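Peer 1: Mind folding the following:
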Amino acid sequence: MIKSKKNVQILLVAVALSSMLLGGCSLNSANYVGDGENYSDRAPRKLGRGMTNILSAPLEIPNQSVDLAAENDEPAQQAAGYIGGFFVGVAYTGGRIVSGMYDIVTSPFGGPSVPTMDPDLIHSDFMEKVDARTDSFNDIYNLSEK
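Peer 2: Have a look, this model is predicted:
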């Protein structure tokens, strides 16, 4: 019983430390310390980006499905977007995992510091696509004047 309690404590400490590392190293900010000229300044950012890409890679499946479905107004086209987005998401998931592994492996050895995927972290255009669709709907039916 005592061993399992100690293992749980070790696990909680490991999760807390890795969360802090991910939170600090994977910041997507222009004023982050990892944007310096010296590679030793950028290495923690590259390590964090790699870990973030590996852990968040499965989120590409729903992300791509929703993004592709948001491009269309018709229900049949949206359903096709969800189905096609699943396969696109699977491909992006594989790409994120490979990109993350590459970033982790090359971070201590001075590999290139530029991201291997664009965007470097998961990003969704869902709201922009829905807003554009809503604007076009308002223009067609002259709802923006009312």
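
Peer 1: give me phi/psi at Pro115?
Peer 2: The phi and psi torsions at Pro115 (degrees, to the nearest 10) take the values phi -70, psi 150.

Peer 1: Setting the sequence-adjacent residues aside, check what's closest to it.
Peer 2: Distances taken as C-beta to C-beta, 6 or more residues apart in numbering put Arg49 closest to Pro115, at 6.6 Å, once the chain neighbours are dropped. For glycine as for every other residue, the C-beta is placed from the backbone atoms N, C-alpha and C.

Peer 1: Kindly tell me how buried the one you found is, as a neighbour count.
Peer 2: Taking other C-beta atoms under 10 Å as the criterion, the count of residues near Arg49 is 28.

Peer 1: Also Tyr92?
Peer 2: Each residue near Tyr92 was counted by other C-beta under 10 Å, and the total is 20.

Peer 1: What is the helix ranked longest in the chain packed up against?
Peer 2: Of all the segments of type helix in the chain, defined by DSSP state H, the longest one is helix 75-106. Based on contacts counted as 3 or more C-beta pairs under 8 Å, 6 or more residues apart in numbering; DSSP states H and E, the elements that helix 75-106 packs against are helix 39-56, helix 60-69.
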